[in-house]
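> Generate a structure from the sequence data that follows.
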Amino acid sequence: MREWVLIKVGEVPPEVVAFLLREIPEILPIHISCVLSAEIPSWAYNSHRDQYRASNVLAYVSKFAKDCKALGVMDIDLYEEGLNFVFGEAYCPGYAAIISLFRLRPQFYGEEPDEKLFLERALKEALHEMGHTYGLDHCPNRKCVMAFSNTIWDTDYKEARYCRSCWRELERRI
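Residues are numbered from 1 along each chain as shown. Reported below is the predicted structural model:
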């Protein structure tokens, strides 16, 4: 399936949306048909952690996937059981993926703001989670966008592209 919808969950900077709308189709042979806005699902919030459960937010975003795939973009902190945080999550394979911008800004790590780095991180996480929707697993090639990111430095190390092996599999599945 090549048709996607991008869902802004809560407040999302317009420059991020514009960047993803421009850059994702340059890498993936897909079409993002529209951008929708949605409220942050309050029922996904865990007050003990001050974070939102990623699987609950993903289930919420998946309801927007009608005859297409959905990418949710949000600026809230996500976690999953057994993990301190996640940058995103997706059904693998499936019709929905989400990414969080919350931990992608350099200033989250005490660094100077860097818009270019921030946007590059958002693109990598989007491509990674979208790859999962096509059934791609984590790749052992640390430069591949499908490599697992345990830290932001893992995200920075990988490239905003699929390795040859993942690309072949992705082309077959799209």
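> Put the alpha carbons of the longest helix seen in the chain into CSV.
Longest helix in the chain by number of residues (criterion: DSSP state H): helix 115-133. Output of helix 115-133 as CSV, limited to C-alpha atoms (Å, rounded to 0.1, in the frame of the first residue of the first chain):
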residue,chain,number,x,y,z
GLU,A,115,16.9,22.6,13.8
LYS,A,116,18.6,20.6,11.0
LEU,A,117,19.6,17.8,13.4
PHE,A,118,16.1,17.8,15.0
LEU,A,119,14.4,17.5,11.6
GLU,A,120,16.8,14.8,10.5
ARG,A,121,16.1,12.8,13.6
ALA,A,122,12.3,13.1,13.0
LEU,A,123,12.8,11.9,9.4
LYS,A,124,14.8,8.9,10.5
GLU,A,125,12.3,7.9,13.1
ALA,A,126,9.4,8.3,10.7
LEU,A,127,11.2,6.2,8.0
HIS,A,128,12.1,3.5,10.6
GLU,A,129,8.5,3.2,12.0
MET,A,130,7.0,3.3,8.5
GLY,A,131,9.4,0.5,7.5
HIS,A,132,8.0,-1.6,10.3
THR,A,133,4.4,-1.2,8.8
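> mean confidence score for it?
Here helix 115-133 scores 98 as its mean pLDDT.
> same thing with stretch 46-59?
98.
> measure the residue located most distally from the centre of the chain to residue 14 for me?
Here the chain reaches farthest from its C-alpha mean at residue 48, the gap being 24.5 Å by Cα atoms, centre = their mean. Distance of residue 48 to residue 14, given as Cβ to Cβ, to the nearest Å: 33 Å. For every residue, glycine as well, the C-beta is placed using N, CA and C.
> cool, and residue 140?
As judged by Cβ to Cβ, residue 140 and residue 14 stand 36 Å apart.
> Distance from the longest helix of the chain to the middle of the chain?
Centroid separation between helix 115-133 and its chain, computed with Cα atoms, centre = their mean, to the nearest Å, is 6 Å.
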